[in-house]
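Visitor: fold the following, please.
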Amino acid sequence: MTQVKVDRMCSVYVIPEDAPMSSQEIAKAFDTGKFDDKLKALKSLVIQIIHDEQMPRMVMNVINSLVPLSDETHSLKKILLFYWEVIEKTHPNGSLKEEMILVCNSLRKDLLHPNEYIRGRTLKLLSRIQLRGILEPLQTAIVENVTHKHVYVRRNAVVCLYEIFLNFGDDLISDLDELMEKLLLNETDLSTKRNAFLLLFHANQQKALDYLNINYSDDSNQFGDILQLSILELFRKVCKKDPLQKPKLLKSIYQFSKSKSASVQYECANTLFAVSPSLASLKIAVQIYMSLINSQTDNNIKLVILDRLEAVNQLNPRVLEDRTQDLSYLLNQQSIDIRRKVLKLFQLKHENVVLLAQSLQKEFQKCQNLNDQSEYKILMLQLINPMIHKFPQVHEVVAQTFIDSIICNNKMDDQCAQLAGQTLVKLVQLSDQPIQHKIVTALSNRFLDIHHMELYKATFTVLGDYSVNPIRSFNQIKKAIGNLPLEHDKAVVKQEDESKQVVKTVILPDGTYGTQVIEKQDTEEHVSKLRELLMQNSFLASSLSRAFMKLLSKIQEFNKYSSQMLLIFCSLLRYYQKNTAKIDQDTLETITSSIRILTGKNPQDKLLEQYKKSEVIPEQNAHFGAHQNYDKILKQPDDPIIIRQLKGVSEFNEIDLADDETSVATKQEENTYVSRLGHIVQLTGYCDPIYAEAFVNVHKYDIQFEVLMVNRWSKMVQNVQVEFRTQGESKVIEKAQGVILQPNQSARVRTTIKFSSQDIGVVYGAIHYENNAGIEQAYLVTKEINVDLIDFIIPATVSIEQFRKFWAKYEWENRIVINTNQNDPFKYVQFLEKQLKVRPIEENHPKGNIICVNMYAQTKFDDDFVLNVSAEVVNDKLQGFVRIRSKVREIVINLGDKIKVLQTKIE
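Guide: Numbers count the residues shown, from 1 in each chain. Presented below is the predicted three-dimensional model:
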């Protein structure tokens, strides 16, 4: 493991326009050329040095030929300052070159030049040249410029002193804090004042606070916005370093929230969020964020502020409970990104859930006839789902929303219609009887206006289970199906179209006879899309047959309506048999089974037994065998066996909607019982006195252990405690309480320890306990818990400029030699992307046997790393290196060991 040396910084870059001059031509122009030739040669020399063409022997030529002429014209002086910036000033061993002494003399003259531009430009140059050998002789001249009469000079002098302090501290120039304190008392320029204040609070924070206490008044606008931002940064650092000063500084922060500058208000809210987690401070921060969102018109600014509100919501969800109305106004924005973030911020509480449901109802009405709002509708339906499960008071509002804006909406895509159908069925199942009747009546009245197959499926389920007027429901469905059979005769259709025009003999005004063409009125009623969908997809026919059978079980005039249903079923089968590509086996069996029931013996009794078995509790036979009544159908053969604890959130389908006891999962998938089973760790053996196993939950900055302990002894044990430690200096956030376990008794305890990237590796644990007398104390060493860094890597992307910045900035590096049987470099890189969850900076389309790829990723602990793969195929074997850099030492070590193991497993 080696420290990476940072490359030399280049602050000037110029693209050459003409062909570069040779060193001989430049030297000749310096010695014998005219002034314009010398200026052109100096420009060419600067450009070539920028492009890594070092010409160290030209320094003396420049000093002898151009420095004496630089006082005559400012254009030469300007280029000469660029030249002093780009040349190499030290020997390879780091010592200052001898000719730099002459350069220092020239720079000193420029620092004392009567022209303020030359002084300021020279100070800007010195802020980029951080070499003690050059700055030490010039420190007096730099300090003198702090009190110069011109603002440009003072501003650059303060910037120069700030850079010197950051690189050398107060070793080079002492008493910087006193110098800046005097400058702040008389300075009028806001930019210079801001820079001086920054230097003051870096050099002496206490004096910076004293300055604010003396000069601060209730009007925060007297400082200007740029100085206010620096003061807020000081407050954050002081509160982090000395929390005891937090109450005193909060009053000043509250005053800054009244600033007229939007940037100051935003930073003030960020400061309140960072320094004080109290409810009052967070509410003030939220108030500032909401006022900024309402006043700003740029969507990017709104997204940034919404991200901050999301962070506040994660810290304390109670803060946004009373902001439902304010957040509802943000739904008027057209940006789907803003709407998505706003919907995530809503808090579902008894106090605001009705208001939220009414806001969503208005939004559905606005986007009812818009084609490009399907994603927005899906997001609102996903929010409505948990509302109808937890809060019965919103059922009436949600029901009215479905009746007015969703049931007959023809501007939804398939995914939105499917989610709407699932929500509708669950709403009917959970609602009271008056609301159920209201929804069923609306579905029956507006059945012909439905357009989506998923909504038809949901409607069939609702009408079949909850219809209060089954005859009307059946007539509406039959009317939507239309005339039978289902086949369309194109010739008949064409003839019908032509027959709309009829010729009629009429008496003209002059008493003669004539002919008149009259358009025939179309008296046919509106036919729904159900007929078309039945001919396109047989799945809908399966739902239709189940709904018909449920409706028939409720109708008194059984023979009359059963014959009509048989006619429809036979027409469906005839059509599907002619179009075998449009039918599946399940639909065929469902329709055939319905026909068998209707044409068999006692069909009405079988329907009542099959579809009303929930109202009858079957008696359990005392003996299971030949005497059991097999005529009673307790469960259909194709009914699924549902184990809700072992079913993920994404497994929600139409079958779940038919089960009254199944509820829609509304939590995230990582919180489900199935995902938790994947994180269980057995800590001790079955033969140990105490058996223990734990759920390991890793959060952003800590790791929580939920431990189940079972006493396997025949005697009581007391003061049973469990402890965990990491490889580093771990800190216990929540200590597990000691418990008393009777024989064969179990108990659950929780403990939390602080966790970061430095702790990646192994977590050690132990269980301490005593006997019933409290004399013999024993302990059990638990099984080691391996925490893999790969589980916490999040794919991320950065630009190539950011990648280069990180590559030069991060000091820890691990270089791994490629040792694999894979001889395809592109497949090797793809394997690393998949296993390490990294993402390439640019798209790679390799050609040949050489590849060089830059990749980047982040971790859940707010750390990141960069990775470079450089490889080539030599003698049918892949050779090269994988280099990893990060600011955290443990990340590069862990990833290096992981790559060494993984690359041997490539097939």
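Visitor: quick one: low-confidence residue ranges for the stretch 501-650 of the chain.
Guide: Along the stretch 501-650 of the chain, the parts satisfying pLDDT under 70 run over 501-514, 516-528, 580-582, 610-650.
Visitor: oh, I was asking about the stretch 651-800 of the chain
Guide: Where the stretch 651-800 of the chain drops to pLDDT under 70, the residues are 651-678, 700-701, 728-730, 757-759, 761, 772-777.
Visitor: the helices in it, which residues?
Guide: In the stretch 651-800 of the chain, the segments counted as helices under DSSP state H, counting those that start in this stretch are 654-658, 673-677, 800-809.
Visitor: what element comes up after the longest helix along the chain heading to the C-terminus?
Guide: For the chain, the helix with the greatest residue count under DSSP state H is helix 558-578. Heading C-terminal from helix 558-578, the first helix or strand you meet, by DSSP states H and E, is helix 585-599.
Visitor: output the next helix-or-strand element following that following helix as PDB, nothing but the C-alphas.
Guide: Next along the chain after helix 585-599, taking DSSP H and E as the criterion, comes helix 603-611. Presented in PDB, the C-alpha positions along helix 603-611 are these (Å, rounded to 0.1, in the frame of the first residue of the first chain):
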ATOM      1  CA  PRO A 603     -77.100 -27.100 -11.100                       C
ATOM      2  CA  GLN A 604     -78.700 -24.600  -8.800                       C
ATOM      3  CA  ASP A 605     -77.700 -26.600  -5.700                       C
ATOM      4  CA  LYS A 606     -74.100 -27.000  -6.900                       C
ATOM      5  CA  LEU A 607     -73.800 -23.300  -7.600                       C
ATOM      6  CA  LEU A 608     -75.000 -22.400  -4.100                       C
ATOM      7  CA  GLU A 609     -72.600 -24.900  -2.600                       C
ATOM      8  CA  GLN A 610     -69.600 -23.800  -4.700                       C
ATOM      9  CA  TYR A 611     -70.000 -20.000  -4.600                       C
END
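Visitor: same for helix 603-611, what does it pack against?
Guide: helix 539-552, helix 558-578, helix 585-599 (3 or more C-beta pairs under 8 Å, 6 or more residues apart in numbering; DSSP states H and E). Any C-beta I mention is one placed from the backbone N, CA and C, and that applies to glycine too.
Visitor: buried set for the shortest one?
Guide: Read that as helix 539-552. Under the neighbour-count criterion of 16 or more other C-beta atoms under 10 Å, helix 539-552 has 539-552 buried.
Visitor: what lies in contact with that helix?
Guide: 453, 456-457, 460-461, 463-465, 467, 470, 473-474, 477, 530, 533-534, 558, 561-562, 565, 568-569, 572, 576, 584, 586-587, 590-591, 594, 597-598, 607, 610-611 (C-beta atoms under 8 Å, 6 or more residues apart in numbering).
Visitor: that one vs helix 603-611, what angle?
Guide: For helix 539-552 against helix 603-611, the angle by axes from the mean of the first three to the mean of the last three C-alpha atoms, to 10 degrees is 110 degrees.
Visitor: now do the last one
Guide: With the same axes, to 10 degrees applied, the angle from helix 585-599 to helix 603-611 works out at 140 degrees.
Visitor: now do the buried residues in helix 585-599.
Guide: 587-588, 590-591, 594-595, 597-598.
Visitor: return the member of those nearest to residue 223.
Guide: Ranked by distance to residue 223 (C-beta to C-beta), the buried residues of helix 585-599 are led by residue 587 at 75.4 Å.
Visitor: for the closest one, give me its contacts.
Guide: Contacts of residue 587 (C-beta under 8 Å, 6+ apart): 538-539, 541-542, 576.
Visitor: next, count neighbours for residue 230.
Guide: By other C-beta atoms under 10 Å, the residues close to residue 230 number 21.
Visitor: list the buried residues of the helix or strand hosting it.
Guide: Assigned by DSSP H and E, residue 230 belongs to helix 225-241. Within helix 225-241, the residues scored as buried using 16+ other C-beta under 10 Å are 225-232, 234-236, 238-239.
Visitor: now render these as JSON lines, adding distance to residue 155.
Guide: Formatted as JSON lines, those follow (distance: C-beta to C-beta, whole Å):
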{"residue": "225", "distance to residue 155": "17"}
{"residue": "226", "distance to residue 155": "12"}
{"residue": "227", "distance to residue 155": "13"}
{"residue": "228", "distance to residue 155": "18"}
{"residue": "229", "distance to residue 155": "17"}
{"residue": "230", "distance to residue 155": "14"}
{"residue": "231", "distance to residue 155": "19"}
{"residue": "232", "distance to residue 155": "21"}
{"residue": "234", "distance to residue 155": "20"}
{"residue": "235", "distance to residue 155": "24"}
{"residue": "236", "distance to residue 155": "25"}
{"residue": "238", "distance to residue 155": "26"}
{"residue": "239", "distance to residue 155": "29"}
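Visitor: out of the residues you listed, who's nearest residue 191?
Guide: Here the nearest of those to residue 191, counting by C-beta to C-beta, is residue 226; it sits at 6.6 Å.
Visitor: and the gap between that closest one and residue 726?
Guide: Relative to residue 726, residue 226 is positioned 44 Å away (C-beta to C-beta, to the nearest Å).
Visitor: now residue 422
Guide: 44 Å.
Visitor: same check on residue 74?
Guide: 63 Å.
Visitor: these two: which is more packed in?
Guide: residue 726 (21 against 13).
Visitor: ok, the more buried one touching residue 755?
Guide: Yes. Using C-beta atoms under 8 Å, residue 726 is in contact with residue 755, at 6.9 Å.
Visitor: residue 836: what's it in contact with?
Guide: Taking C-beta under 8 Å, 6+ apart as the criterion, residue 836 is in contact with 790, 793, 855, 857, 867, 895, 898-899.
Visitor: so how do I select the buried members of the contacts of helix 539-552 in PyMOL?
Guide: Those of the contacts of helix 539-552 that count as buried under 16+ other C-beta under 10 Å are selected in PyMOL with:
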select buried, resi 453+456+457+460+461+463+464+465+467+470+473+474+477+530+533+534+561+562+565+568+569+572+576+587+590+591+594+597+598+607+611
